[in-house]
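Novice: Sequence unavailable; structure follows:
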């Protein structure tokens, strides 16, 4: 068992693509992931799980059908399961996500990015 701290900043240097979550750890059946966001992501819903976002750097906008919520560095938000949403970032934004292992980032396994471990 490794007893080494996980450096999120270093993990974020290992990839360049946007909207492609990378797993950095697992706990209690959940992936802890980092993702780089820029531009607009698609509207989607997670029927069976909440969606956890923690902004590491930059600014993320959570879009709902009736309002938008802006998150800055150090801010987090949990979107309840079944709530339709999309996200966007005008500049590259780094985010920490926590989701049950295998949760498709688009809400649909057919269109989801494959989560890789880094």
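Specialist: Ah, there it is. Fair warning: this is a prediction, and the values are worked out from it, not measured in the lab.

Novice: make it CA atoms for all contacts and neighbour counts henceforth
Specialist: Will do.

Novice: Is there a neighbour count for residue 97? I'd like the number.
Specialist: 21 (other CA atoms under 10 Å).

Novice: So which other helices or strands are in contact with the helix or strand encompassing it?
Specialist: Using DSSP states H and E, residue 97 sits in strand 86-100. Applying 3 or more CA pairs under 8 Å, 6 or more residues apart in numbering; DSSP states H and E, we find strand 86-100 packed against strand 30-40, strand 51-57, strand 59-63.

Novice: if you average pLDDT over it, what comes out?
Specialist: When pLDDT is averaged over strand 86-100, the result is 95.

Novice: how much does it deviate in direction from strand 51-57?
Specialist: 110 degrees (axes from the mean of the first three to the mean of the last three CA atoms, to 10 degrees).

Novice: Each with direction, which strands does strand 86-100 pair with?
Specialist: strand 30-40 (antiparallel), strand 51-57 (antiparallel), strand 59-63 (antiparallel) (DSSP bridges).

Novice: still on that earlier bit, which one of the helices and strands packed on strand 86-100 lies closest to residue 18?
Specialist: strand 30-40 (4.9 Å; CA to CA).

Novice: And the strand holding residue 97, what's buried?
Specialist: If you call a residue buried by 16 or more other CA atoms under 10 Å, then strand 86-100 has these buried ones: 86-89, 92-100.

Novice: right, and the helices and strands packed on strand 86-100 - which one's nearest residue 73?
Specialist: Of these, nearest to residue 73 by CA to CA is strand 51-57, at 4.7 Å.

Novice: any residues touching that closest one, and which ones?
Specialist: Applying CA atoms under 8 Å, 6 or more residues apart in numbering, the external contacts of strand 51-57 come out as 71-81, 93-99.

Novice: picking up where we left off before, can you name the two of the buried residues of strand 86-100 that are farthest apart?
Specialist: Spatial extent of those (CA to CA) is set by the pair 92 and 100 at 25.0 Å.
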